[in-house]
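Trainee: attaching a predicted model along with its sequence, questions to come.
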Amino acid sequence: MATTSAGGYPACAAATGSKPVETGYIAAIPNDATEETDQDGLIRVLVVDDHGLFRTGLASLVSAQPDMEVVAQASGGGDAVRRAREHRPDVILMDLSMPDLGGVDATRQITEHDPAVRVIIITVATDESSIAGAIRAGACGYLVKDSAMDEIVLAVRAAARGQPWLSSHAAEALLDRVRRESDEPSVEPADIETLTVRELDVLRLVAQGCENAEIAATLHISPMTAKKHVSSILSKLGVSNRVQAAVFAAEHHLR
């Protein structure tokens, strides 16, 4: 499966060309990230799925990575909410369909309580309503369960750095949704009018998949200034992550 990084927008994404390095029967995926992160030590991961076999396999994959650790596992959304508050993970791998509390509702509760937590949905559902619902709830990534192991690992690393990650299926579904929508903006124009000219420039680059360092280089500003602009954009638009901001930009035909 081809991977799509930085929100599924390839303009600023570079292929890693990584090959898994075998450690026993689970692959440790090389960390080719060149951008500095705020991560100290291991990436703390919570794995949530109501299917025990899949959850165990996913936890084994994460544990095999030298820069990650599984701090807890949960078999349902309600359990995930409790364990997220108890263990404060950096990244959560969250199933979408669970009997007690679904992944969308669990994601919303978790991110509302702690916006710093990064949630990646990993599910069999590829319909656009599920994808859009998860993103609106605060998820920063969306993977399908047949994703390659290296894509799952790279998505976790991207999430830990605050970067969005959509599988190719998710990106295509969102693009199809945007193409079918009316030319009329679905959000009040006042939301756009609150953005400065510079913030509109930054938002366009976010929609292309650019990270802060690439935005800074393109606009000849410092990475810290780029980061502040992105934070201001998210606040003004009332969205919680860059994926939602990119969808907003696409809906409003910002190129």
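Mentor: Perfect, I can see it now. Source: prediction; values computed, not measured.

Trainee: which stretches of this protein form strands?
Mentor: 21-23, 26-28, 43-48, 68-74, 91-94, 118-123, 141-144, 165-166 (DSSP state E).

Trainee: switch these over to CSV; also include mean pLDDT.
Mentor: Output for the strands of the chain, formatted as CSV (pLDDT from 0 to 100):
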stretch, mean pLDDT
strand 21-23, 32
strand 26-28, 48
strand 43-48, 98
strand 68-74, 97
strand 91-94, 98
strand 118-123, 95
strand 141-144, 93
strand 165-166, 90
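
Trainee: output these as TSV; include the columns mean neighbour count.
Mentor: The C-beta positions use only the backbone N, C-alpha and C, and glycine is treated the same way. Formatted as TSV, the strands of the chain follow (neighbours: other Cβ atoms under 10 Å):
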stretch	mean neighbour count
strand 21-23	11
strand 26-28	17
strand 43-48	26
strand 68-74	20
strand 91-94	28
strand 118-123	26
strand 141-144	25
strand 165-166	28
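
Trainee: as CSV, these with distance to L234 would be great.
Mentor: Formatted as CSV, these follow (distance: least, Cβ to Cβ, whole Å):
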stretch, distance to L234
strand 21-23, 36
strand 26-28, 33
strand 43-48, 22
strand 68-74, 26
strand 91-94, 19
strand 118-123, 14
strand 141-144, 16
strand 165-166, 17
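
Trainee: ok, which of the ones you listed comes nearest C210?
Mentor: strand 165-166 (14.4 Å; Cβ to Cβ).

Trainee: centre of the chain versus the closest one, how much separation?
Mentor: Computed by Cα atoms, centre = their mean, to the nearest Å, the chain-centroid distance of strand 165-166 equals 5 Å.

Trainee: likewise stretch 242-249?
Mentor: Distance, centroid of stretch 242-249 to centroid of chain: 11 Å (Cα atoms, centre = their mean).

Trainee: could you do stretch 158-165 as well?
Mentor: 6 Å.

Trainee: show the end-to-end separation of it, please.
Mentor: 7 Å (Cα to Cα, to the nearest Å).

Trainee: picking that back up, nearest to D150, out of the strands of the chain?
Mentor: Among the strands of the chain, if distance is taken as Cβ to Cβ, the winner is strand 26-28, at 7.1 Å.

Trainee: give me every residue that touches L237.
Mentor: 191, 195, 244-245, 248 (Cβ atoms under 8 Å, 6 or more residues apart in numbering).

Trainee: no further queries at this time; thank you.
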